[in-house]
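Visitor: Pasting a predicted model and its sequence here:
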Amino acid sequence: MPRRRLNRGSGRSVLSFAGNKSVCLALVLGAMFVAGAAMVSCASAPAKALPAKPAPGAAETPIAVAPTRPVSAETPVPTPAPAVTLTARVESLVTLASPKSLVEAIELIKSSGNTDREFGRDMLHVAVQLMLRLYPDVGMTPEKTDPPPLSPYLKIFQDVDRGRYYLNPAESDRSRLSVIQLCLPSLVFLSGAKPELQAQALDDLELALRPGTPSVLPDYFLGLIAEQRQNWAEALRLYGEVTKLAPDAYVADVGRARMLLNLGKPDEALSLLSGLRDSHPDNIAVKKALASAYYDKGDYRTAGPLIAAVLQRDPSNAPFLLMRARLLVLDKNWPQAVQLLDAYDKVNPSDRLYLFLRVTLQLEGFRDPAAALVSIRKAQGLYPEAPEFLIPEAKALLALKQNAEARIVLEKVRAAGSAEATDMLLDLAVAGGRWEDASVYAEEALKRDRSPDNLRLAYGIYEKLRLVDRMNSIAEAYYRALPASEDAIAYYIKALLSQGNTDAAKPLIDSALAGKGSGHFRSTLFFLRSRIDTTDDAVLSDIRSSLLEDLRNPDALVAMYDLYFRQKDYRKAQYYLKQAIALDPGNPGLQERQVKLDAALGQ
């Protein structure tokens, strides 16, 4: 309980928070003894409000004590419970500083009629300020308070609002300060990390960890400083201590959720927040934590509405602006994305994620690779080791027809294990007809993922390289993966024919032709059956059927040329060879046939 100290200058009593109950009681009893006043037991007096101006030397009125029972010879006399004064009760509630205790303190001060006394005015002001600053999402209507002009707390709050840490110049021994006085200056850390102030705060908060004086404030502010120092595990532990002491101090659970996210545990964070969501459905701090948890987990569908709700309450919240912009970019909603990115540009134009989103917008939304490349160079100047800008750089270079430079960038990213870089290099190699290079990238892709798409692409590459054994093994794997796929069936039949297994190939062809299929597929089947036919008439019939299904089937055109060339009908052979060369002018096999045909026509 505070000790009352006489202010000789004004004749009014002020409170010093360094004393204790026993000292106060001794002073009161001493004063009463000197005055010769009769001692009246407080134990039987009913609880009532402290008078606005207590008589000098009067003892504080206890809150309430259970009435005594009549004592008989058989009933042992119980030891009376110590009376808890209103002052001590209010101070302990404010010191605990949980939402429930602060509300109770405010109600107790107002109901006791102490709002016009210095102590009551002081504690009411502190309790209201803690509610508004520490628990702003409770939705408490701001109370109008009137702290005394010489209040030791006024200067603390004023310095906090100026971003300063208050040090009481009149008290060199800080161990004499109350828990409240030691902790309130750390409210300054709610507005952001201030490393230069942390050393003094840590000393004060350690002093505030007093046995027998429960308070959420020391552990909470120690946790906040640990978080700002990126000591996630220690912050998680400290926030947990707050929750153990006061489960209703929801800001500590929100802090625990943030730390779990920082430690890469979004599922644990969501589990923790699920209870808070039920008990605080409209709490914006809980919504922020939930939005961050779903966002970090990659559940953007659930995170989106929560992020929007946060921005509706706090439109200038920079981190959530950026989160919302990223979701819009992922959805390719370029018009809304550019509005948010333009707004964020005024906040922090050098932010790494902002620059990445701006590059993506320029590259994919505006189709402006030159502008994207300028932004990429800026980002690489600020973050030279940032790998996320390399793939966009390669894409921009490719769009600007700088393929050689793009390949250098992609090889660098591929060396770091990028699957996307390997796939892009594979596409480049296929487009450039570099089949040996393509086979290397294709094998890497197959090791990572033997998907039907990768198998089909690899088959085509090995077909160009005429590596029959590799073609056959891939065709079999492709057919096993997708036995109903037209490409898989065609490749598998080719593999059987290359192995001379016509007995297995023919019924498969006939079965496929009996069903429905695309023109290209049926054209391929007729061509493949022509390779099994034993007479020229049967071969001619199947090739004609192949071309009826697909006039641009290069295999059928070449087969028709070969048939007529073998029959020495060179004019017809020339007709089909011209069509085949038009489809694949760089094919060396077709060039060889042209040379032979020219020689035959020249005879």
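Guide: Good, I have the coordinates. Numbers count the residues shown, from 1 in each chain.

Visitor: what is the rounded mean pLDDT of stretch 415-426?
Guide: Mean pLDDT, stretch 415-426: 95.

Visitor: so what's the backbone phi/psi at Tyr165?
Guide: phi -100, psi 120 (degrees, to the nearest 10).

Visitor: Please name the nearest non-neighbouring residue to it.
Guide: Distances taken as C-beta to C-beta, 6 or more residues apart in numbering put Leu197 closest to Tyr165, at 4.3 Å, once the chain neighbours are dropped. (C-beta placed from N, C-alpha, C; glycine too.)

Visitor: And Tyr354, by the same measure?
Guide: The shortest distance from Tyr354 to any residue other than its chain neighbours is 5.6 Å, reached at Tyr344 (C-beta to C-beta, 6+ apart).

Visitor: What is the helix or strand containing the one you found packed up against?
Guide: Using DSSP states H and E, Tyr344 sits in helix 334-345. Judged by 3 or more C-beta pairs under 8 Å, 6 or more residues apart in numbering; DSSP states H and E, the packing partners of helix 334-345 are helix 318-330, helix 352-360.

Visitor: Apply 6 Å and report the result again.
Guide: Secondary structure elements in contact with helix 334-345, counted by 3 or more C-beta pairs under 6 Å, 6 or more residues apart in numbering; DSSP states H and E, are helix 318-330.

Visitor: Go through the helix it packs on and flag the buried ones.
Guide: Judged by neighbour count (16 or more other C-beta atoms under 10 Å), helix 318-330 contains these buried residues: Pro319, Phe320, Leu321, Leu322, Met323, Arg324, Ala325, Arg326, Leu327, Leu328, Val329.

Visitor: and the residues you listed as CSV, adding pLDDT and distance to Ala556?
Guide: What follows is the buried residues of helix 318-330, written out as CSV (pLDDT from 0 to 100; distance: C-beta to C-beta, whole Å):
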residue, pLDDT, distance to Ala556
Pro319, 93, 62
Phe320, 95, 61
Leu321, 94, 60
Leu322, 96, 57
Met323, 96, 56
Arg324, 96, 56
Ala325, 96, 53
Arg326, 96, 51
Leu327, 96, 50
Leu328, 96, 50
Val329, 96, 47
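
Visitor: with those residues in mind, which one is nearest to Ala309?
Guide: When the buried residues of helix 318-330 are compared for distance to Ala309 (C-beta to C-beta), Phe320 wins out at 9.7 Å.

Visitor: low pLDDT regions in the stretch 151-300 of the chain?
Guide: For the stretch 151-300 of the chain, the stretches with pLDDT under 70 are 169-171.

Visitor: The residue nearest to Tyr165 and Ser186: what is the separation?
Guide: To Ser186, Leu197 is 9 Å away according to C-beta to C-beta, to the nearest Å.

Visitor: So for those two, which sits in the more crowded spot?
Guide: Ser186 (27 against 17; other C-beta atoms under 10 Å).

Visitor: ok, back up a step: thought the residue nearest to Tyr354 was touching Leu321?
Guide: Yes - counting by C-beta atoms under 6 Å, Tyr344 touches Leu321, with 5.1 Å between them.

Visitor: residues contacting Arg544?
Guide: Contact criterion C-beta atoms under 6 Å, 6 or more residues apart in numbering gives no residues in contact with Arg544.

Visitor: Which pLDDT value goes with it?
Guide: We have a pLDDT of 96 for Arg544.

Visitor: Confirm that it sits in a helix.
Guide: Yes - counting by DSSP: H, G, I helix; E, B strand; the rest coil, Arg544 is found in a helix.

Visitor: I'd like to know how many residues surround the closest residue to Ala416 other than its chain neighbours.
Guide: Nearest in space to Ala416, with sequence neighbours left out and distances taken as C-beta to C-beta, 6+ apart, is Pro387 at 6.7 Å. A count of nearby residues for Pro387, using other C-beta under 10 Å, gives 11.

Visitor: Please enumerate the helices of the stretch 451-600 of the chain.
Guide: Per DSSP state H, counting those that start in this stretch, the stretch 451-600 of the chain carries helices over the ranges 452-465, 468-481, 486-498, 502-514, 519-530, 536-549, 554-566, 570-583, 588-601.

Visitor: Rebuild the ones you listed as a markdown table, extending it with distance to Asp253.
Guide: Shown next, in a markdown table, are the helices of the stretch 451-600 of the chain (distance: least, C-beta to C-beta, whole Å):
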| stretch | distance to Asp253 |
| --- | --- |
| helix 452-465 | 46 |
| helix 468-481 | 48 |
| helix 486-498 | 54 |
| helix 502-514 | 63 |
| helix 519-530 | 61 |
| helix 536-549 | 68 |
| helix 554-566 | 68 |
| helix 570-583 | 68 |
| helix 588-601 | 72 |
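
Visitor: Select, out of these, the one closest to Leu355.
Guide: So among the helices of the stretch 451-600 of the chain, helix 452-465 is nearest, using C-beta to C-beta, at 32.5 Å.

Visitor: Point out the other elements, helices or strands, that that closest one touches.
Guide: Counting by 3+ C-beta pairs under 6 Å, 6+ apart, helix 452-465 packs on helix 435-448, helix 468-481.

Visitor: could these go into JSON lines alongside mean pLDDT, distance to Gly255 and mean neighbour count?
Guide: What follows is the helices and strands packed on helix 452-465, written out as JSON lines (pLDDT from 0 to 100; distance: least, C-beta to C-beta, whole Å; neighbours: other C-beta atoms under 10 Å):
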{"stretch": "helix 435-448", "mean pLDDT": "96", "distance to Gly255": "40", "mean neighbour count": "17"}
{"stretch": "helix 468-481", "mean pLDDT": "93", "distance to Gly255": "49", "mean neighbour count": "18"}
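
Visitor: Arg593 and Ala573, how far apart?
Guide: Separation of Arg593 from Ala573 (C-beta to C-beta) stands at 9 Å.

Visitor: Next, Ala416: phi, psi?
Guide: Dihedral angles for Ala416 - degrees, to the nearest 10 - are phi -90, psi 0.

Visitor: got the contact list for Glu268?
Guide: Shown in contact with Glu268 (C-beta under 6 Å, 6+ apart): Leu260.

Visitor: So it belongs to a helix, correct?
Guide: Yes - under three-state DSSP, Glu268 falls within a helix.

Visitor: Look up how far Leu382 lies from the residue nearest to Glu393 when sequence neighbours are not counted.
Guide: Of all residues beyond its chain neighbours, the one nearest Glu393 is Ile376 (5.0 Å), with distances taken as C-beta to C-beta, 6+ apart. For Ile376, the distance to Leu382 equals 11 Å [C-beta to C-beta].

Visitor: Repeat that for Val128.
Guide: From Val128 to Leu382 the distance is 44 Å (C-beta to C-beta).

Visitor: who's more crowded, the two?
Guide: For Val128 and Leu382, the more surrounded residue by other C-beta under 10 Å is Val128, and the numbers stand at 19 against 11.

Visitor: any idea which helix or strand carries that one?
Guide: Using DSSP H and E, Val128 maps to helix 118-134.

Visitor: Pull the number of nearby residues for Asn403.
Guide: Neighbourhood size, Asn403 [other C-beta under 10 Å]: 14.

Visitor: pLDDT averaged over whichever strand or helix holds Thr95 - what is it?
Guide: Per DSSP H and E: Thr95 is located in helix 86-96. Throughout helix 86-96, pLDDT has a mean value of 94.

Visitor: Only alpha carbons, please: show that helix as PDB.
Guide: C-alpha atoms of helix 86-96 as PDB (Å, rounded to 0.1, in the frame of the first residue of the first chain):
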ATOM      1  CA  LEU A  86      -9.400   0.500  -1.300                       C
ATOM      2  CA  THR A  87      -6.100   2.200  -2.200                       C
ATOM      3  CA  ALA A  88      -4.200  -1.100  -2.100                       C
ATOM      4  CA  ARG A  89      -6.900  -2.900  -4.100                       C
ATOM      5  CA  VAL A  90      -7.000  -0.300  -6.800                       C
ATOM      6  CA  GLU A  91      -3.200  -0.100  -7.100                       C
ATOM      7  CA  SER A  92      -2.900  -3.900  -7.300                       C
ATOM      8  CA  LEU A  93      -5.600  -4.000 -10.100                       C
ATOM      9  CA  VAL A  94      -3.800  -1.300 -12.100                       C
ATOM     10  CA  THR A  95      -0.500  -3.000 -11.500                       C
ATOM     11  CA  LEU A  96      -1.800  -6.300 -12.800                       C
END
